[in-house]
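Trainee: Return atomic coordinates for the entry below.
(chains A and B)
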2 protein chains.
Amino acid sequence: MPSDTVISLDAMGGDHGPPVVLGGVRDYLRQNDCTGLAFLVHGDEVAIRAEIVRLRLDDAPIRIRHAEKVIASDEKPAQAMRRGKGSSLWNAIEAVKTGEASAAVSAGNTGALMAISKLILRMSAPGLERPAIVASWPTLKGHTAVLDVGANVGSDAEQLIEFAIMGEAFQSAVHGVARPTVGLLNIGSEDIKGHDEVREAHGILRSGAVDLEYHGFVEGDDIAKGTVDVVVTDGFTGNVALKTAEGTARFISTLLKEALGSGLQSKVGALIALPALKKMSRRIDPNAINGGPLLGLNGIVVKSHGGATPQGFASAIRVAVNLARSDYTAKVAANLKRLDAVFDHSEGDKPAGETVQ
Amino acid sequence: MPSDTVISLDAMGGDHGPPVVLGGVRDYLRQNDCTGLAFLVHGDEVAIRAEIVRLRLDDAPIRIRHAEKVIASDEKPAQAMRRGKGSSLWNAIEAVKTGEASAAVSAGNTGALMAISKLILRMSAPGLERPAIVASWPTLKGHTAVLDVGANVGSDAEQLIEFAIMGEAFQSAVHGVARPTVGLLNIGSEDIKGHDEVREAHGILRSGAVDLEYHGFVEGDDIAKGTVDVVVTDGFTGNVALKTAEGTARFISTLLKEALGSGLQSKVGALIALPALKKMSRRIDPNAINGGPLLGLNGIVVKSHGGATPQGFASAIRVAVNLARSDYTAKVAANLKRLDAVFDHSEGDKPAGETVQ
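Mentor: I've put the predicted structure just below:
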């Protein structure tokens, strides 16, 4: 049976390699309709085959593509680019470039994955120096896409609008939101607040130059409220916000454990309330929302956490499949074209966003 | 008895005015050694006197200075500057300028307080466009000072170092840390990470050009860990980080309430664990750490939350007294002078930090 969607997997990335990657395939296949879907798995053939046997995946739509090399989790991006050719990570991306696969998933090191993806696939968003990373942030209403939480530290207006375009299409494709609302992260809701770049982007988004549902400025506390479906910010602010939120969640859960662990009465209370507390931690479990796509490339690449469980890797696969089977690519291309009319990309025009390695 | 420290209070600011301000004085006096301390209270004399009677403060070291006008909580900074003269807020600051008081505390609207403080006292830190606001952030180890969480949205190196100088002196004066460690907020710990401004400030701080204990770069999750005593960042990033943390805390506490309120078993568990949970919320109670000084002025001004309780206002008074009685001012002046040797402030040199109203 011919498959219309092939997902290319780097079996050697992450802390655990093939057991988690193939375990993710098993979990994904169990939970989803897989008609027309196939996996192209790159890495050590013996190790992959052993996992297929162990997990009873003999009948699953899996093809193995042996790769000798593995990119180490601590390998620097520059080195990975030099010696990465022929590695499982490289080949997984290459399959997207050649059209053999519709999307790639890797739990390999972020820097190497970004550098190699950019090298092989090239950027489609002219304002970006490197791929943007989107975080699926749990909120009171569901999930909000926040981007960039990665490495585009410049914040010029064009970058911000490109994030808006890609985040909106992502949220629609992956979380099934029909017409996602988009907010621009700022330190106040008035038009005069914030720095030049954020106010310029605000003006363009409000003018309707690109086709999306623009809500206006939002503030830090609007993220977890779920005020909008997509929160747009530069990679510096987004990364700080994400890590600050993670730190706050860890701080509160430490205090909570201390509070419930001190004194017999509290311990008994905690025991009784345990099922409810477990339900809460599942809501904020990173494995449930694993799978951050690298946006702005000519092709779909999804990054899984290095420490993801099989269930977490299955979530990353789900993100890749949903993106590949949606109108994500066409929608982004159409809106980027609209943006071209606003920012002139004539010869020699370099993106203004300031970025560093 | 002559008093060596006079604290000037705006009795009319905040959501509740005199009851909370005078209630704060009572709470402060109950909990602290008040030898040589006096309060100069500005606002409606009748209302203030009524509170003094109600709270049995007749013997307290309080002088009343009647003011006709009150600045409204929604008054725009520009309007407050035009018509603010003679208001309780204005007079409270003016008393610091004339030397009658050592410090001022107001729960009035932040924009008006910043504008009028800057107008009357002027900036002492040459890189700042407006006063910096420091947040006392609860951490696993105690409190970390994070600044700027206010309105200096530019992030040039000079501003960042001025924040470091003032935050370090603040943490030492208010939280009694002998030699506070200082970290610069970034998106990674390597020297090559981040934008130009943050790396320039990193280089200067590491060179030892100013006298403080520089730790190096820290990330968002280091704040709540208490990795350093002072976290330095631009007003845009700091404001987003603070509000994101507040949003995250509210999100988790909502989930927690839902989790513990669903089902009889959880409800019973919650009831039993209640005292411990209450102890935890006190740890993250904003009233316990109320009192954000406006830094970078020629004089000490402390902002209280508009909705603070009397106990919260007492915390703000404590911050003002501690700053006034410490070597804060001298320490900052000495380090700013050292910084002068790095950044040339010759004639016509405008601060490079980009800021907006």
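Trainee: quick one: low-confidence parts of chain A?
Mentor: A:1-3, A:192, A:273, A:276-277, A:279-289, A:345-357 (pLDDT under 70).
Trainee: At the geometric centre of it, which residue sits there?
Mentor: residue A:292 (1.3 Å; C-alpha atoms, centre = their mean).
Trainee: close enough to count as contact, that one and residue A:133?
Mentor: Yes. If you go by C-beta atoms under 8 Å, residue A:292 and residue A:133 touch, sitting 5.1 Å apart. Bear in mind the C-beta positions are built from the backbone N, C-alpha and C, glycine included.
Trainee: just to revisit the earlier point, now do the contacts for the residue nearest to the centre of chain A.
Mentor: A:133-136, A:149, A:302-303, A:319 (C-beta atoms under 8 Å, 6 or more residues apart in numbering or on different chains).
Trainee: switch the cut-off to 6 Å
Mentor: A:133-134, A:303 (C-beta atoms under 6 Å, 6 or more residues apart in numbering or on different chains).
Trainee: check which helix or strand covers the residue lying closest to residue A:178 once chain neighbours are set aside.
Mentor: In this structure, residue A:178 finds its nearest non-sequential neighbour in residue A:172, 7.0 Å apart by C-beta to C-beta, 6 or more residues apart in numbering or on different chains. If you go by DSSP states H and E, residue A:172 is part of helix A:157-175.
Trainee: who's in contact with that helix?
Mentor: Residues contacting helix A:157-175 (C-beta under 6 Å, 6+ apart): A:125, A:127, A:132, A:134, A:143, A:145, A:147-148, A:152, A:177, A:180, A:182, A:197, A:200-201, A:204, A:212, A:229-230, A:232, A:295, A:319, A:322-323, A:326, A:328, A:331-332, A:335, A:339, A:343, A:353.
Trainee: and the next element down the chain from it?
Mentor: Next along from helix A:157-175, by DSSP H and E: strand A:181-185.
Trainee: just checking, residue A:231 is part of a strand?
Mentor: Yes. Assessed with DSSP: H, G, I helix; E, B strand; the rest coil, residue A:231 lies in a strand.
Trainee: List the residues that contact the nearest residue to it once chain neighbours are set aside.
Mentor: Spatial nearest neighbour of residue A:231, excluding adjacent residues (C-beta to C-beta, 6+ apart): residue A:146 at 4.6 Å. Listed by C-beta under 6 Å, 6+ apart, the contact set of residue A:146 reads A:135, A:137, A:231, A:238.
Trainee: Which members of the residues you listed are the farthest-apart pair?
Mentor: A:137 and A:238 (10.2 Å; C-beta to C-beta).
Trainee: those strands in the stretch 51-200 of chain A, which residues are they?
Mentor: Applying DSSP state E, counting those that start in this stretch to the stretch 51-200 of chain A gives strands spanning A:62-66, A:103-106, A:132-138, A:143-147, A:181-185.
Trainee: Quick check: neighbours of the fourth one in the sheet, parallel or antiparallel?
Mentor: Here the strand partners of strand A:143-147, with direction, are listed using DSSP bridges: strand A:132-138 (antiparallel), strand A:230-232 (parallel).
Trainee: Next, the angle helix A:157-175 makes with the longest one.
Mentor: The one in question is strand A:132-138. Angle of strand A:132-138 versus helix A:157-175, following axes from the mean of the first three to the mean of the last three C-alpha atoms, to 10 degrees, is 50 degrees.
Trainee: Check the offset of strand A:132-138 from the chain's centre.
Mentor: Distance of strand A:132-138 from the chain centroid (C-alpha atoms, centre = their mean, to the nearest Å) equals 6 Å.
Trainee: Likewise for stretch A:259-279?
Mentor: Distance of stretch A:259-279 from its chain centroid, counting by C-alpha atoms, centre = their mean, is 35 Å.
Trainee: what does stretch A:20-38 give?
Mentor: 19 Å.
Trainee: cool, stretch A:44-51 as well?
Mentor: Using C-alpha atoms, centre = their mean, the offset of stretch A:44-51 from its chain centre is 27 Å.
Trainee: again with stretch A:292-310
Mentor: Computed by C-alpha atoms, centre = their mean, the chain-centroid distance of stretch A:292-310 equals 5 Å.
Trainee: for that stretch, how far is the first residue from the last?
Mentor: 16 Å (C-alpha to C-alpha, to the nearest Å).
Trainee: Give me the buried positions along that stretch.
Mentor: A:292-306, A:308-310 (16 or more other C-beta atoms under 10 Å in any protein chain shown).
Trainee: what's the answer for stretch A:324-334, then?
Mentor: Buried, per 16+ other C-beta under 10 Å, within stretch A:324-334: A:324, A:326, A:328-329, A:331-332.
Trainee: ditto for stretch A:213-224
Mentor: For stretch A:213-224, by 16+ other C-beta under 10 Å, it's A:214-224.
Trainee: Filter the residues you listed down to the ones in strands?
Mentor: A:214-218 (DSSP state E).
Trainee: Now cross-check the buried residues of stretch A:213-224 against chain B and list the overlap.
Mentor: Restricting the buried residues of stretch A:213-224 to those near chain B by C-beta under 6 Å from any C-beta of the partner chain leaves A:219-221, A:223-224.
Trainee: Let's have the strands paired with strand A:143-147 in TSV, adding mean neighbour count.
Mentor: Listed next are the strands paired with strand A:143-147 as TSV, based on neighbours: other C-beta atoms under 10 Å in any protein chain shown:
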stretch	mean neighbour count
strand A:132-138	25
strand A:230-232	31
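Trainee: what's the closest of those strands to residue A:270?
Mentor: Among the strands paired with strand A:143-147, strand A:132-138 comes nearest to residue A:270, with 22.8 Å by C-beta to C-beta.
Trainee: Output the strands paired with strand A:143-147 in a markdown table, with distance to residue B:37 appended to each entry.
Mentor: Listed next are these as a markdown table, based on distance: least, C-beta to C-beta, whole Å:
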| stretch | distance to residue B:37 |
| --- | --- |
| strand A:132-138 | 47 |
| strand A:230-232 | 47 |
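Trainee: Where do the helices of the stretch 201-350 of chain A begin and end?
Mentor: A:220-225, A:235-261, A:264-283, A:310-325, A:328-340 (DSSP state H, counting those that start in this stretch).
Trainee: about what we covered before: return the member of the contacts of residue A:292 nearest to chain B.
Mentor: Chain B lies nearest to residue A:133 out of the contacts of residue A:292, by C-beta to the nearest C-beta, at 11.3 Å.
Trainee: Identify the residues contacting the closest residue to the closest one other than its chain neighbours.
Mentor: What sits nearest to residue A:133 in space, not counting adjacent residues and going by C-beta to C-beta, 6+ apart, is residue A:150, at 3.4 Å. Contacts for residue A:150 (C-beta under 6 Å, 6+ apart) come out as A:132-133, A:235.
Trainee: How about residue A:92?
Mentor: A:8, A:10, A:42, A:104, A:106.
Trainee: how much space between it and residue A:275?
Mentor: Using C-beta to C-beta, to the nearest Å, we find residue A:92 at a distance of 40 Å from residue A:275.
Trainee: Show me what residue of the stretch 1-150 of chain A gets nearest to chain B.
Mentor: For the stretch 1-150 of chain A, C-beta to the nearest C-beta, closest residue to chain B: residue A:140, 6.3 Å.
Trainee: what residues are up against that residue?
Mentor: Counting by C-beta under 6 Å, 6+ apart, residue A:140 touches A:225-226.
Trainee: try it again with 10 Å
Mentor: A:224-227, A:283, B:247, B:250-251, B:254-255, B:258 (C-beta atoms under 10 Å, 6 or more residues apart in numbering or on different chains).
Trainee: What about the nearest residue to residue A:265 once chain neighbours are set aside, how many residues nearby?
Mentor: Leaving aside its chain neighbours, residue A:265 sits nearest to residue B:272 (5.6 Å; criterion: C-beta to C-beta, 6+ apart). Neighbour count for residue B:272, taken as other C-beta atoms under 10 Å in any protein chain shown: 20.
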